[in-house]
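> okay, sequence plus prediction incoming.
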Amino acid sequence: MAGVLKAPGAFAITPHKVSVCVLVQIYASPSQISIPFPFSSVSQHNRLGLYLLALTKSCDDILEPKLEQLISQLREIGGLLDHWLTDHLTSRLSSLSSPDDLFNFFNDMRGVLGGPDSGVMEDDQVILDPNSNLGMFLRRCILAFNLLTFEGICHLLTNIGIYCKEAISSCSSYELRRLDDSGNDLESLSEYENMDLNLVFKKINEEMEARKRATERVSFHLHLPKELSTLVEDIEVFADPKSEHNDKGRESSSYSSSGDLLRDVDLNGGVFLRTNWQIQGYLMEQADAIEKDGSSFTLNAFELTLRQLQKLAPELHRVHFLRYLNSLYHDDYFSALENLHRYFDYSAGTEGFDFVPPAGCNSFGRYEIALLCLGMMHFHFGHPKQALEVLTEAVRVSQQHSNDTCLAYTLAAICNLLSEIGFSTTSGILGSPFSPMTSVGTSLSVQQQLFVLLKGSLKRAESLKLKQLVAANHLAMAKFNLTHVQRPLLSFGPKTSMKLRTCPVTVCKELRLGYHLISEFCCEGSTMTTDGAFSTAWLKNLQKPVGSLVLSQDNSSRDNSNPFLFCTQPSSIPGSVLQLVGSSYLHRATAWEIYGSAPLARVNALVYATCVADASSSSDAALVHVKLIQHLAVFKGYEEAFSALKIAEEKFLSVSKSRILILKLQLLHERALHRGHLKLAQQVCDELGVLASSVTAVDMELKIEASLRHARTLLAAKQFSQAAAVAHSLFCMCYKFNLQVESATVLLLLAEIHLKSGNAVVGLPHALASLSYCQSFNLDLLRASATLTLAELWLSLGSNHTKTALTLIHGAFPMILGHGGLELCARAYIAEAKCYLSDPSFSVSDNPEVVLDPLRQASDELHVLEYHELAAEGFYLMAIVFDKLGQLEKREEAAASFKNHIMALENPQDGEDPLSNA
């Protein structure tokens with residue numbers, strides 16, 4: 001909702017644009033053949049061209065760079081020519097001392113442009129295409145200059161003088177000599193402004209009053225630059241103390257020769273105030289920044305800024321929308337609801353522009369967009385039922401108003417709501433006459449309704465050519481196919497044989513289709529400001545290090561004096577497109593985690609963190625850090641995981657429900673169980689449970705995680721009946737909301753509970769049921785873990801089932817050793833050793849290394865995890881083997897290690913863990 005269409009605004013000529021014109025004239029000099037002077041190679045020429053392309057695209061930015069900033073950028077990309085470029089630029093600007101000089105300058109600009117009447121050209125002559133980006137920029141500058149009155153030209157001359165004077169302090173001594181003349185010409189330039197302009201101002205005021213009476217509204221202007229200077233740090237406005245008593249007079253006499261641009265000329269500051277269009281762009285950038293990282297904004301400070309801006313410009317209604325976003329991402333429900341209502345009450349969803357509704361337009365404004373925003377707000381605050389009701393109403397209004405675009409986005413929002421929130425039924429909500437599910441009825445399950453909605457939303461987005469929405473729908477389809485088995489919608493008729501399994505090929509296909517957006521992205525229906533905004537970011541990146549630092553504490557800028565630094569800058573791809581591309585990598589990482597390929601999951605997470613982390617939202621960036629830290633904990637141990645966690649905590653605020661805080665609690669719980677700190681483990685479980693919302697079907701993932709860990713804590717405390725009751729209740733909840741992947745994990749937990757309680761016969765059905773789920777959803781690593789548990793169950797039934805257990809373990813070994821973590825591998829090694837020792841036909845003395853090798857490997861991996869209980873079991877088996885071999889010294893060493901682990905398990909250290917203060 002942060003994107004705003006550019007309103008048709010005036011293009012005003014400023015000293016910065018004159019400087020860009022000078023550089024364009026250097027780049028495409030009409031009198032030069034082949035490579036223009038002073039360029040010595042094609043690469044130097046192209047480097048300046050890329051820089052000019054970025055400058056022209058960012059010419060409508062809110063704050064134009066000063067001359068000293070422009071010179072600094074030229075030094076970054078100019079290489080060996082930086083001194084010549086800066087000298088030529090400053091000398092050319094200082095030579096503009098009269099209106100005739102300006103007229104001759106822009107007349108020379110016409111010769112830079114090519115055209116049908118440009119005469120015979122050489123094959124290698126540099127001619128600027130009038131329809132190119134640089135050509136369009138020059139044409140706009142020439143047109144804006146031709147529209148200036150004589151007084152406007154005088155103002156421009158004065159502004160150029162001030163513009164050059166500001167750069168004196170940062171210029172070299174050679175440049176200072178060039179600028180001396182411009183400082184002496186200020187008095188002569190001010191003579192043009194001191195002429196009697198009363199007749200001109202009177203005429204302009206009459207025109208403005210007539211326009212106001214005709215339109216009954218006046219375009220937004222920056223009336224009070226002195227007050228505005230306290231609002232936004234990005235807009236550097238300096239007020240002249242001597243002119244405080246003339247503020248009122250200046251407001252009445254200010255004018256713009258090119259539309260609604262107002263300038264407040266100050267000899268000390270050189271201020272060029274911005275248009276309504278540019279202020280709207282600033283608000284749009286702030287909205288993007290809030291949605292990307294809302295925690296970086298201070299609630300009260302930014303709210304004060306917006307209130308003051310609203311006081312200065314009451315007609316700028318988009319300020320209400322910024323206040324809504326600020327409250328939304330700071331979890332202030334009542335303030336967010338109030339500002340959202342105000343925004344649509346005042347603007348009817350027209351984004352704060354001087355909107356003139358087309359002929360035949362209804363009088364409701366954009367009511368359907370207001371409903372869409374309201375529904376998403378309820379979804380954000382965890383009100384699923386209200387959100388679904390409001391979004392269904394938005395579908396009805398969109399259909400009545402024939403707003404196909406809003407309808408497509410509303411359907412996508414409903415799909416996102418149904419996939420993220422657990423609904424056992426939607427009857428009574430999706431059954432209205434205007435419901436998108438009316439055509440298929442509401443007797444379908446929630447998952448079937450979700451599948452139909454996803455298909456419909458994708459088809460509608462493709463027909464409307466909404467490229468980004470198409471990509472988002474492909475990602476949603478991939479997520480659906482990852483965790484749901486597609487069943488036939490009809491429950492009657494002849495039933496053909498079918499395989500009720502997910503299809504990884506379909507998931508990969510949907511992910512690839514979403515990724516193709518990066519090669520074919522386009523603006524959805526109209527021109528957006530993404531191109532210019534990205535060019536502004538490109539210029540700012542000249543002072544930033546290249547690439548992303550993954551889990552690194554050193555965020556300082558590196559030496560960026562390399563003139564070829566711009567070659568490694570990204571291409572002009574909108575940030576929203578990069579976020580979708582990043583989401584595809586996150587979905588790939590999640591898919592490989594579910595399928596059980598840890599290396600591929602880690603690779604996709606690293607690609608995301610390296611390539612698109614700068615354009616990602618804070619939640620997605622936190623998620624990829626969580627995945628990488630979890631990988632460290634599983635494969636490298638807790639010491640490295642907690643070291644990486646400290647770095648992540650410095651980057652992301654550990655606020656309530658943040659992913660980093662949840663990860664911290666998960667790691668603390670796992671380490672506490674392994675060390676035998678059951679009290680700490682139970683405390684962490686309680687904190688996890690508190691983080692989850694009390695509303696039914698909200699925060700389902702967090703609720704399942706808390707219940708699983710509570711059951712595992714009870715199992716570690718040997719309270720088997722209570723652990724089984726918690727696990728059984730959790731399975732019923734997963735079955736109610738059709739969370740089948742989670743059901744496989746819960747069934748496996750039930751099997752482990754019955755295994756450790758001595759009821760192996762009762763645990764066998766649960767392990768087999770978990771295996772069935774794993775086969776249906778291609779959960780290969782979980783399937784290997786379930787196979788290992790099944791083997792342990794068979795082994796606990798007696799030595800007669802040793803061969804069966806050993807066969808199961810050996811069948812699961814390739815997956816476990818290739819993709820399993822330290823704990824799973826250690827369990828498999830110990831289970832294999834127990835199978836050999838339980839087999840009556842196996843002789844330890846004949847082949848002792850078959851048992852000792854896996855036990856040694858298990859002890860090494862469990863030492864890294866500090867898993868005392870399982871390590872004690874491993875050393876116990878090693879002591880038995882050494883005893884049978886007659887190696888008494890090694891037996892005593894194994895027995896001593898066994899004793900140490902048992903004592904550490906029974907008497908955990910009660911010292912306060914500095915990381916437990918979550």
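That came through fine. Numbers count the residues shown, from 1 in each chain.

> name the element residue 419 belongs to?
helix 404-420 (DSSP states H and E).

> which outside residues touch that helix?
Residues outside helix 404-420 that contact it (C-beta atoms under 8 Å, 6 or more residues apart in numbering): 366, 368-369, 371-372, 375-376, 379, 384, 387-388, 391-392, 394-395, 398-399, 426, 436, 446, 449-450, 453-454, 456-457, 460-461, 464, 466, 469, 472-473, 476, 479-480, 524-525. Bear in mind the C-beta positions are built from the backbone N, C-alpha and C, glycine included.

> list the buried residues of that helix.
Buried positions in helix 404-420, judged by neighbour count with 16 or more other C-beta atoms under 10 Å: 405-419.

> now that helix - C-alpha only, CSV.
Coordinates of each C-alpha in helix 404-420 appear next as CSV, following Å, rounded to 0.1, in the frame of the first residue of the first chain:
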residue,chain,number,x,y,z
ASP,A,404,-10.8,-5.8,-10.9
THR,A,405,-7.4,-4.8,-9.6
CYS,A,406,-8.7,-4.4,-6.0
LEU,A,407,-10.6,-7.6,-6.4
ALA,A,408,-7.5,-9.5,-7.4
TYR,A,409,-5.5,-8.2,-4.4
THR,A,410,-8.4,-8.9,-2.1
LEU,A,411,-8.6,-12.5,-3.2
ALA,A,412,-4.8,-12.8,-2.7
ALA,A,413,-5.2,-11.3,0.9
ILE,A,414,-8.0,-13.9,1.6
CYS,A,415,-5.7,-16.7,0.4
ASN,A,416,-2.9,-15.4,2.7
LEU,A,417,-5.3,-15.2,5.6
LEU,A,418,-6.6,-18.8,5.1
SER,A,419,-3.1,-20.1,4.8
GLU,A,420,-1.6,-18.3,7.8
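
> for it, the averaged confidence score.
Mean pLDDT, helix 404-420: 87.

> after that helix, next one along is what?
Next element after helix 404-420 (DSSP H and E): helix 446-463.

> between that next one and helix 404-420, how big is the angle?
150 degrees (axes from the mean of the first three to the mean of the last three C-alpha atoms, to 10 degrees).

> now what about the following helix or strand past helix 446-463, what contacts it?
Helices and strands here follow DSSP H and E; after helix 446-463, the next one along the chain is helix 467-483. Outside of helix 467-483, the residues within contact range by C-beta under 8 Å, 6+ apart are 408-409, 412, 415-416, 419, 450-451, 454, 457-458, 461-462, 502-503, 506-507, 510-511, 513-517, 520-522, 524, 576-577, 580, 583-584, 587, 590-591, 594, 740-741, 777.

> out of those residues, which are buried?
408-409, 412, 415-416, 419, 450-451, 454, 457-458, 461, 502, 507, 510-511, 513-515, 517, 521, 524, 576-577, 580, 583-584, 587, 590-591, 594, 740-741, 777.

> a strand runs through residue 842, doesn't it?
No - according to DSSP: H, G, I helix; E, B strand; the rest coil, residue 842 belongs to no strand; its state is coil.

> check contacts around the residue nearest to it when sequence neighbours are not counted.
Sequence neighbours aside, residue 836 is the residue nearest to residue 842 in space, at 5.1 Å (criterion: C-beta to C-beta, 6 or more residues apart in numbering). Contact analysis of residue 836 by C-beta under 8 Å, 6+ apart lists 806, 842, 850, 851.

> how does it look with 7 Å?
Residue 836 makes contact with 842, 850, 851, according to C-beta atoms under 7 Å, 6 or more residues apart in numbering.

> next, the second one: phi, psi?
Note on residue 850: backbone dihedrals following degrees, to the nearest 10 are phi -60, psi -30.

> wait, a helix at the residue nearest to residue 842?
Yes - membership of residue 836 in a helix is supported by three-state DSSP.

> pLDDT value on it, please?
Checking the pLDDT column for residue 836, the value is 93.

> next, count neighbours for the closest residue to residue 718 other than its chain neighbours.
Excluding the flanking residues, the one nearest residue 718 by C-beta to C-beta, 6+ apart is residue 756, at 7.8 Å. Using other C-beta atoms under 10 Å, residue 756 is surrounded by 17 other residues.

> which helix or which strand is home to residue 22?
Assigned by DSSP H and E, residue 22 falls in helix 15-27.

> which residues sit against that helix?
48-49, 52, 55-56, 59, 64-65, 67, 70, 88-89, 92-93, 109, 112, 134, 138, 141, 159-160, 163.

> let me see the domain layout of this structure.
The record's domain parsing of the chain by the TED database lists 15-115+125-169, 545-553+575-656, 821-917.

> got those domains as CSV, with distance to residue 695 columns?
Listed next are the domains of the chain as CSV, based on distance: least, C-beta to C-beta, whole Å:
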stretch, distance to residue 695
domain 15-115+125-169, 41
domain 545-553+575-656, 15
domain 821-917, 28
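
> and those: which comes nearest residue 338?
domain 545-553+575-656 (22.6 Å; C-beta to C-beta).

> average model confidence for the closest one?
Domain 545-553+575-656 comes out at a mean pLDDT of 83.

> do the same with stretch 870-882
94.

> and for that stretch, what are the contacting residues?
Against stretch 870-882 from outside (C-beta under 7 Å, 6+ apart): 826-827, 830, 833-834, 837, 844, 848, 851-852, 855, 858-859, 862-863, 890-891, 894-895, 897-898, 901-902, 905.

> where does pLDDT dip in the stretch 651-800 of the chain?
653-657 (pLDDT under 70).

> could you point out which element follows the longest helix along the chain?
Of all the segments of type helix in the chain, defined by DSSP state H, the longest one is helix 575-595. Sequence order places helix 598-611 as the next helix or strand after helix 575-595, per DSSP H and E.

> that next one packs against which elements?
Helices and strands touching helix 598-611, as assessed by 3 or more C-beta pairs under 7 Å, 6 or more residues apart in numbering; DSSP states H and E, comprise helix 575-595, helix 618-635.

> return the alpha-carbon coordinates of that helix using PDB.
Taking Å, rounded to 0.1, in the frame of the first residue of the first chain, the C-alpha atoms of helix 598-611 are listed here in PDB:
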ATOM      1  CA  ALA A 598      19.900 -29.300   5.000                       C
ATOM      2  CA  PRO A 599      22.700 -28.300   2.600                       C
ATOM      3  CA  LEU A 600      20.300 -27.000   0.000                       C
ATOM      4  CA  ALA A 601      18.300 -25.200   2.600                       C
ATOM      5  CA  ARG A 602      21.400 -23.500   3.900                       C
ATOM      6  CA  VAL A 603      22.600 -22.600   0.400                       C
ATOM      7  CA  ASN A 604      19.200 -20.800  -0.400                       C
ATOM      8  CA  ALA A 605      19.300 -19.000   2.900                       C
ATOM      9  CA  LEU A 606      22.800 -17.800   2.200                       C
ATOM     10  CA  VAL A 607      21.900 -16.700  -1.300                       C
ATOM     11  CA  TYR A 608      19.000 -14.600   0.200                       C
ATOM     12  CA  ALA A 609      21.300 -13.100   2.900                       C
ATOM     13  CA  THR A 610      24.000 -12.200   0.300                       C
ATOM     14  CA  CYS A 611      22.000 -11.000  -2.600                       C
END
